[in-house]
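1. No sequence on hand, only this structure:
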């Protein structure tokens, strides 16, 4: 029987690919979104999926999710922490991130994964696998030459919080080990879809693989961590970036 997966941030760039590909493979997926219309659309277009409307920045999101799962009699095997809000990476005219956005980014990228991991693992004995979606910018800082206007295009709070998420992955792997829960992260490199051809060419020159990744290449690593093929792995940050971070 296929596992039951909780996927946060299912309507974002990575999340929609994860949801599409995992649902094709027959996994049962509980996904989150702030938008009820998107939930209806996704449920209408995919099998084995059910959506829950949650704003992680308001109220008690972990309790809301737990109540939903109990009501539906859903027992999760895997939690994928993938939610984010690009509005928190907005850079001011002076090149800085304002205090509230910096703190909001940290809450969304670090505290919310921590909260969900701890609350769900204490509620559902079925949960044995947690996967945090990080970034190559949590491993190495960005390269200024990649950008037209580095100070106004590369948000410092993004990589800073992803680095914290990677370390928290290791902490949780230790702290949840007595419950036989594995905790790992994936740090993806740049993926095509949001940038123009000039950016792609610059990126190619700075990356050993000589190109950005495609959307089709990101789900395989996630499936590996979901599967029993990786059952000996915990506390690991799996870097999938075409070699970007080795230079």
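-> Looks like it came in fine. Predicted model, so just to flag it, every value in this text is computed and none were measured.

2. CA only for contacts and neighbour counts going forward, please
-> OK.

3. show me what contacts the most centrally placed residue in the chain?
-> In the chain, the centroid-proximal residue (CA atoms, centre = their mean) is residue 82; its distance is 2.3 Å. Counting by CA atoms under 8 Å, 6 or more residues apart in numbering, residue 82 touches 7, 8, 9, 10, 15, 132, 133.

4. Which member of the residues you listed is positioned nearest residue 92?
-> Using CA to CA, residue 9 comes nearest to residue 92 of the contacts of residue 82, at 25.2 Å.

5. quick revisit: quick one: which of the contacts of residue 82 sit in strands?
-> 7, 132, 133 (DSSP state E).

6. per-residue confidence for the residue of the chain positioned farthest from its centre?
-> Distance from the C-alpha centroid of the chain, by CA atoms, centre = their mean, peaks at residue 94 (29.2 Å). The confidence metric pLDDT takes the value 97 at residue 94.

7. again, but for residue 247
-> Model confidence at residue 247 (pLDDT) stands at 88.

8. before we move on, the earlier item: just the contacts of residue 82 now: which is nearest residue 166?
-> In terms of CA to CA, no member of the contacts of residue 82 lies closer to residue 166 than residue 132, at 7.9 Å.

9. Is it correct that the closest one is in contact with residue 182?
-> No. Between residue 132 and residue 182 there is no contact, the gap being 11.1 Å when judged by CA atoms under 8 Å.

10. ok but residue 100 is inside a helix, no?
-> Yes. Counting by DSSP: H, G, I helix; E, B strand; the rest coil, residue 100 is part of a helix.
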